[in-house]
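Enquirer: Structure, please.
(2 chains)
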Amino acid sequence: MTVPAWFERFTDAIAAGDQRALGCEACGETTLPPRQFCPACGSTALTPRPFGDRGTVLSFTEISVTIPRFHGETPYTVVVAELDGGVVLTGQLRDATADDVAIGDPVALGVEARDDGPALVTFQPAEE
Amino acid sequence: MTAHVASVGSTAYGRQPERSSRELFAEAVAAAFDDTDLTPTDLDAVSVGNFMGELIEDQGHMGPLLAEHVGAREAASVRLESACASGGATVRQAVSAVESGAADAVLAGGVEQMSAADLEHVTDALANAADDVYENGQGLTFPGIYALMSRRYAHEFDVTREQLAAVSVKNHANAVDNPLAQLPKELTVEEVLDSKPIATPLTRYDACPISDGASVAVVVSDGFAAANDLDVSATIRGTGQSSDAVALQDRPSLSRTPAAERAARAAYADAEIGPDDVDVAEVHDCFTIAEVLALESLGFYDRGEGARGAVEGETAVDGRLPVNTSGGLLGKGHPVGATGVGQLVELTKQLDGRHPNQVADPSIALAHNVGGSGASTTVTVLGGV
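Expert: Residues are numbered from 1 along each chain as shown, chains lettered A, B, ... in the order given. Sure thing, here's the model as predicted:
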């Protein structure tokens, strides 16, 4: 599959510790790229805004039945986490299994290159 | 202009890998026209709900293909795609065309052929309803998304897996007497919990099966019905439709479906009724959590209370508000593009008094059809005639 250039820029920035979301000048909403319009108010006044590399688990699931591009990798755990700065991201859990995490746990953001598709957003357990 | 359901038709839902979309669709259309003096040449328009024709059958352009195949070559035909809400969207489009006076007789249909592909590929096809980069690219599957919603909901409201499993037990039991159903099965809560894990905490029986099938409804204006001396089966009282962010992470809450709340408000206002007036409902229970969220979004239960419906028997066939008397997506099956129209087929039978799980004398029925994890929703309110 092709990797969109915007997502490559997004994950490259995470790898460099300089991750950015988009802040709306008009209403204050924070969203993820790529966007030309604020989904909350329709304004086009969006500017890059840094967000944190620490967050908390909102939910998680261990995947047993997957799609061809993750063939042979099950089971693995996908986490949705809210990062400092109000950004919510979906990524794979590293250095732990689904049995080791709970909703509300602190996690650290990372990124992992893949040969055959977009980079993976990752989370690993973090200290409080 | 008021829109009526003149007749309905459906194939059985189930695994039929040797049958193509055109064969399935034609069977449903034949069943619908069997009941009337109309023929498909009377149709002004044909609207086909279909999600994965390109992905499973290498077949796009399903509108005219299927219209031609059922003897309605000249009708204005289009295929509508809104993931698992494709069928509901075709119903709404047909109703809008008739109510506006743009058409007098419209076929609202839906069809899906899913079982011709293996499980990994059909899971991949279903994943097209999610955000390819932020969700699928991260390894998330469609059941995985509902699993995330399920776990979050259980965390916020202290609802157990056993309580969610009660939805599956109820709907599979309702499927037993429905000749159209794929999984007529008496299940226990333990059997649901102990079935094969798909995406924790969801197991095989928390999820609907892979299905093939087609369903259609002939929607006509009151003028057309009178001119043709039609004995219509139901009246469309109101419709609503709304959308939301496709990616779960882009919504303010993982445990609610605001598009359904908005679609319901619009449909209730259009029909000039409230949730208390609904006598029977078909809701989009692609996973057990989805029925619970539906009951709350539709205003039948307060937030956090939806699981009570199945646990306490309130949504059973003989309960206060029977929900998914067909067996629902869990028990009847979910040929994605057909489902929203299939709900109309079931509710029309209820209002006509000829449903295999007939409820006592219903006058208002409601259908709720969801695309993706809640990014598109249609709600249709039907009345008896």
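Enquirer: Can you show me the helices along chain A?
Expert: Using DSSP state H, the helices of chain A run over A:5-15.
Enquirer: Show which residue of it lies farthest from the average position.
Expert: The centre of chain A is farthest from one residue, A:A26, which by C-alpha atoms, centre = their mean lies 24.5 Å away.
Enquirer: Spatially nearest residue to it (excluding sequence neighbours)?
Expert: The shortest distance from A:A26 to any non-neighbouring residue, by C-beta to C-beta, 6 or more residues apart in numbering or on different chains, is to A:S43 (3.6 Å). For glycine as for every other residue, the C-beta is placed from the backbone atoms N, C-alpha and C.
Enquirer: Ok, B:H61 next?
Expert: B:R79 (7.1 Å).
Enquirer: And that neighbour, its phi and psi?
Expert: Note on B:R79: its backbone torsions stand at phi -100, psi 130 [degrees, to the nearest 10].
Enquirer: before we move on, the earlier item: and the residue farthest from the centre of chain A, how close does it get to B:E305?
Expert: A:A26 sits 37 Å away from B:E305 when distances are taken as C-beta to C-beta, to the nearest Å.
Enquirer: on that earlier part again, was I right to think the residue nearest to A:A26 contacts A:G28?
Expert: No. Using C-beta atoms under 8 Å, A:S43 is not in contact with A:G28; the gap is 10.3 Å.
Enquirer: Now name the helix or strand holding the residue of the stretch 251-385 of chain B found nearest chain A.
Expert: Closest approach between the stretch 251-385 of chain B and chain A, counting by C-beta to the nearest C-beta: B:L254, at 5.5 Å. Following DSSP states H and E, there is no helix or strand that holds B:L254.
Enquirer: from the chain's centre, how far out does stretch B:58-65 sit?
Expert: Relative to its chain's centre, stretch B:58-65 lies at 21 Å (C-alpha atoms, centre = their mean, to the nearest Å).
Enquirer: dump the residue contacts of B:A264.
Expert: Residues near B:A264 by C-beta atoms under 8 Å, 6 or more residues apart in numbering or on different chains: B:240, B:275, B:297-299, B:368, B:379.
Enquirer: would you list every one of the strands in chain B?
Expert: Here chain B has its strands, by DSSP state E, at B:3-10, B:45-49, B:76-80, B:105-112, B:197-199, B:202-203, B:213-221, B:234-243, B:280-282, B:364-371, B:376-383.
Enquirer: before we move on, what about chain A?
Expert: With DSSP E as the criterion, chain A has strands at A:20-24, A:30-31, A:46-50, A:54-63, A:76-83, A:87-93, A:106-112, A:120-125.
Enquirer: Now do the buried residues in the fourth one.
Expert: Yep, that's strand A:54-63 we're talking about. Neighbour counts over strand A:54-63 (16 or more other C-beta atoms under 10 Å in any protein chain shown) mark A:54-55, A:57-63 as buried.
Enquirer: Using TSV, please lay out these together with distance to B:D104.
Expert: Output for the buried residues of strand A:54-63, formatted as TSV (distance: C-beta to C-beta, whole Å):
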residue	distance to B:D104
A:R54	61
A:G55	56
A:V57	55
A:L58	50
A:S59	49
A:F60	52
A:T61	48
A:E62	53
A:I63	49
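Enquirer: Next, the buried residues of stretch B:374-385.
Expert: Here stretch B:374-385 shows B:374-384 as buried, counting by 16+ other C-beta under 10 Å.
Enquirer: re the thing from before, am I right that the residue nearest to B:H61 is in contact with B:M62?
Expert: Yes. Look at B:R79 against B:M62 with C-beta under 8 Å: they come within range, at 4.0 Å.
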